[in-house]
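Engineer: Just need the structure, nothing else, for what follows:
(2 chains)
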Amino acid sequence: DTGVSQNPRHKITKRGQNVTFRCDPISEHNRLYWYRQTLGQGPEFLTYFQNEAQLEKSRLLSDRFSAERPKGSFSTLEIQRTEQGDSAMYLCASRQSWDPMNTEAFFGQGTRLTVV
Amino acid sequence: QKEVEQNSGPLSVPEGAIASLNCTYSDRGSQSFFWYRQYSGKSPELIMFIYSNGDKEDGRFTAQLNKASQYVSLLIRDSQPSDSATYLCAVNYGGSQGNLIFGKGTKLSVKP
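Structural biologist: You can find the predicted model right below:
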């Protein structure tokens, strides 16, 4: 499978626990994006990378959230001290960097987080 | 704050009709625009993109862009029940930096 892969697909955690999600982008894609989506809403931008460099992080993002892409390949998104409001679908997308204006971002299947 | 605005709907059209979906964006410097379709419980998938003023047609879909009005739309001709989904407008901000911001989506329902 050469698409964007996200793991785990589902995560249930207790409030206050830390969680980490992984995204494996399409191999030749330099750009990787993280979004959060709640029911009835569009994907909310969290952060994005070009290779290992984190180019932008949403100003609305709590400092409990951190993302890394250490070798410019897979990425992890960690949420510390989870809250019930963190419950959402976390989507990862990747795209080519040679012409980012006109190239498609491909999405993974997402990780659904439920905080109880 | 970079914003992409869409009517949330739901937009209901009869089978065979034209569905018109609209999107406005806040950053005049935006250069490319994408329409994604998202079925319930699934990830977004690209329908088409546009970066020049005017119309771009692909099968039953036509994207329209007016940069002066900061407005982009998607027309779906001969709507089918299988077109029932949420349609997301996405805007590429920042030129070569390539950030991609989404609207909240418009839910379309095509009635047989």
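Engineer: so who does the most centrally placed residue in chain A touch?
Structural biologist: Per CA atoms, centre = their mean, the C-alpha nearest to the average position across chain A is that of residue A:34, at 3.0 Å. Residues counted as contacts of residue A:34 (CB atoms under 8 Å, 6 or more residues apart in numbering or on different chains) are A:23, A:46, A:47, A:48, A:67, A:75, A:77, A:90, A:91, A:92. Where C-beta positions appear, they are placed from N, C-alpha and C, glycine not excepted.
Engineer: give me that answer again for 7 Å
Structural biologist: Contact criterion CB atoms under 7 Å, 6 or more residues apart in numbering or on different chains gives A:46, A:47, A:67, A:77, A:90, A:92 as the residues in contact with residue A:34.
Engineer: Which element, helix or strand, includes it?
Structural biologist: Per DSSP states H and E: residue A:34 is located in strand A:31-37.
Engineer: okay, now residue B:45: neighbour count?
Structural biologist: Neighbour count of residue B:45, defined by other CB atoms under 10 Å in any protein chain shown: 14.
Engineer: which non-adjacent residue is nearest it?
Structural biologist: With sequence-adjacent residues excluded and distances taken as CB to CB, 6 or more residues apart in numbering or on different chains, residue B:45 is closest to residue B:37, at 5.7 Å.
Engineer: Now do the host helix or strand of that neighbour: which elements does it pack against?
Structural biologist: When secondary structure is defined using DSSP H and E, the element that contains residue B:37 is strand B:32-38. Contacting strand B:32-38 under the criterion 3 or more CB pairs under 7 Å, 6 or more residues apart in numbering or on different chains; DSSP states H and E are the following elements: strand B:45-50, strand B:85-93.
Engineer: how far is the next helix or strand after the last one from where the chain is centred?
Structural biologist: Using DSSP H and E, the helix or strand that follows strand B:85-93 in sequence is strand B:99-102. In terms of CA atoms, centre = their mean, to the nearest Å, the gap separating the centre of strand B:99-102 from the centre of its chain is 13 Å.
Engineer: Contacts made by strand B:99-102 with the rest, please.
Structural biologist: Around strand B:99-102, the neighbours that count as contacts under CB under 7 Å, 6+ apart are A:33, A:42-43, A:45, A:48, A:56, A:105, B:2, B:4, B:88, B:90-93.
Engineer: Which residues of chain B lie near chain A?
Structural biologist: Listed as neighbours of chain A in chain B under the rule CB under 7 Å from any CB of the partner chain: B:31-32, B:43-44, B:46, B:49, B:51, B:88, B:92, B:95-105.
Engineer: circling back: determine which stretch of the helices and strands packed on strand B:32-38 is the most buried.
Structural biologist: For the helices and strands packed on strand B:32-38, the largest average neighbour count (mean count of other CB atoms under 10 Å in any protein chain shown) is found in strand B:85-93, namely a mean of 24.
Engineer: Sheet-wise, list the partners of that one with their directions.
Structural biologist: Using DSSP bridges, the strands paired with strand B:85-93 in its sheet are strand B:32-38 (antiparallel), strand B:99-102 (antiparallel), strand B:106-111 (antiparallel).
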